[in-house]
Structures are given as structure tokens and as C-alpha cells.
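# Here is my input, please return the structure:
(one chain, ligands or ions: 1)
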Amino acid sequence: MRIDIITVLPELLKSPFEASILKRSIEKGLVEVHFHNLRDYTDKSYNQIDDYQFGGGAGMVMMIEPIDKCITKLKSQRDYNEIIYMTPDGNTLNQKMANSLSLAENIIILCGHYKGVDQRVRDTLITKEVSIGDYVLSGGELGAAVLCDTIIRLIPGVLNNETSALTDTFQDDLLAPPVYTRPADYKGLKVPEVLLNGNFPKIEKWREEQAYKRTKQLRPDLLEND
Ligand code: ADE
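Just a heads-up that it's a prediction; the model follows:
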């Protein structure tokens, strides 16, 4: 998979890709991530990429021209499955969306700033609008990092044990069951007996029951999708 991220703050975005799973996925050649500084696509003085909004009102708006130039250049080089705009009024990211995006070959992610982008960008260049939750970030960069993390960990070969993504919380609309490690008894706090006896069908059944119980208790809304 190739991900092209268009941003005015590439330095804010780089570090999540320089550690742990995302770093390894790039090193293994399973993912390519390219950062494009929007200011490289403007002819205006001071590398201006935003302007006052027509009709008045507080806050600057990102102009269409540099965004169009950048996206047009990328699209002339390869086909993209999705051109995503990170915005608080987009579709809220969930595991289902991450699963489907992890199948893409090439995606572009545009990070918004200020009051957002000129509506004509959204109307003509963007194919999908994504929010990471009902709150407002200073820009789309942190949202883009979250989106990339959710997608990249699902690409086959990225996680050492592929089943560990399949048993994640939210896959199958269930929260994950509780997990334990050694010691089996810590100051009288005991690990459930069923996990210690090596009866794997019984363990599997216990995990399913626990996942259901936990979901019912903490996120009953997930069970309403049935
Ligand atoms: N940009 C600002 N707020 C955002 C959010 N909640 N999700 C995605 N992008 C954003």
C-alpha cells in the first residue's frame, strides 16, 4: 500500500511512522508513506496556502489551487482508490472503515487546517471525508496518523501474528475478552482457572462469553447492530 499525505505540517506527522509497528511495516516494504508539503505547491508570496473567506467571518480557509496542483500531480502518476479529507464533520472512523481501507492499494490523505478547505476541494477532488471523533483538533495531522495506524496494522504481514488483528476489540462488533499473564497469583489476585488448564475449546468458549459480557456491560450499542 502507498499512502500520500498532504499537509502544511509534515514535521508534526513524521514521528508516528518512525517507531514500532508503523516503522517496521515501512522497513518490510509493506507500506510506503510519502509526505507532501502543501507550501511547495503555491506560487504566492510567503508560500501562502490560505486566505480570508468570502462573505466575511473569522478564520482562514485553505485555497483550492495548491491542493488541486498537488492532487493532480499525484493522480497523473498512479490511480488512487480514495482521496480522503480529514475533517471533524466527516464520517466517523470505525473498525469497519479501517478494514475496508486496508484493502486499498493507493490512498491520498489531505489534512485540513484553520477553518477548513474551500468547499470546491470537497466537491470535486475528495472521495471520502473522515473524522476521528466528535471533537475538534487543531489540524488533520493527528487524525491522519490515527487513521494510518488503524489501516496499516491490518495489512497482512504487518503484525507478526496475524490473528492478533483478527481478535482485536471491535472486530465482529465485540470488545476483546480480558487477558492475563504471569504470575497466575499476584498477592491473592488469581487468573481465572479456565485459562490455566490447557483445555482450548473450553478457553475459546470462555473468551467468547467474556467478550459478549464485556460488550453488553460497556458498549451495549455495539450489540444493537445485530
Ligand atoms: N481535523 C480537526 N478535527 C478533526 C477530527 N475530529 N477528525 C479528523 N480531522 C480533524
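
# Okay, buried residues for the lengthiest helix in the chain please.
What stands out as the longest helix in the chain, according to DSSP state H, is helix 200-218. Buried residues in helix 200-218, counted by 16 or more other CB atoms under 10 Å: I203, W206, R207, Q210, A211, R214, T215. Using the backbone N, CA and C atoms, a C-beta is placed for each residue, glycine as well.

# what mean pLDDT does the helix or strand following that helix have?
Of the helices and strands lying after helix 200-218 in sequence (DSSP states H and E), the nearest is helix 220-223. Helix 220-223 shows a mean pLDDT of 94.

# could I have the helix or strand of the chain with the lowest mean pLDDT exported to CSV, CA atoms only?
Every helix and strand of the chain was ranked by mean pLDDT, DSSP states H and E. The lowest is helix 163-166, at a mean of 73. Output of helix 163-166 as CSV, limited to C-alpha atoms (Å, rounded to 0.1, in the frame of the first residue of the first chain):
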residue,chain,number,x,y,z
THR,A,163,-4.6,-13.5,14.3
SER,A,164,-3.8,-10.8,16.8
ALA,A,165,-5.5,-8.2,14.5
LEU,A,166,-8.4,-10.6,13.8
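
# Which of the helices or strands spans whichever residue of the chain sits closest to the ligand?
Going by CB to the nearest ligand atom, the ligand is nearest to G143 of the chain, at 3.2 Å. If you go by DSSP H and E, G143 is part of helix 141-152.

# Kindly report the same for K73.
In this structure, K73 is located in helix 64-77 according to DSSP H and E.

# Against which helices or strands is that helix packed?
On a contact count with 3 or more CB pairs under 8 Å, 6 or more residues apart in numbering; DSSP states H and E, helix 64-77 meets strand 2-7, strand 106-111, helix 119-124.

# what's the last one in contact with?
Same thing as helix 119-124. With contacts defined as CB atoms under 8 Å, 6 or more residues apart in numbering, helix 119-124 is touched by M62, I64, I67, D68, Y85, L110, E129.

# cool, the first one as well?
With CB under 8 Å, 6+ apart as the contact definition, strand 2-7 has outside contacts at 13, 31-38, 67, 70-71, 74, 78, 105-111, 139-141, 144, 148, 151.

# Next: stretch 89-108.
Here stretch 89-108 makes contact (CB under 8 Å, 6+ apart) with 1-6, 71, 74, 78-84, 128-134, 146-147, 150-152, 154-155, 168, 170-171.

# quick revisit: thinking the residue of the chain closest to the ligand is in contact with C111, fair?
Yes - G143 is within contact range of C111, at 7.5 Å (criterion: CB atoms under 8 Å).

# Which residue of these two possesses the greater neighbour count?
More crowded of G143 and C111, by other CB atoms under 10 Å: C111, with 27 against 23.

# can you count the residues close to the closest residue to that one other than its chain neighbours?
In space, C111 comes closest to G140 once its chain neighbours are excluded; the distance is 3.3 Å by CB to CB, 6 or more residues apart in numbering. Other residues lying near G140 total 31 when counted by other CB under 10 Å.
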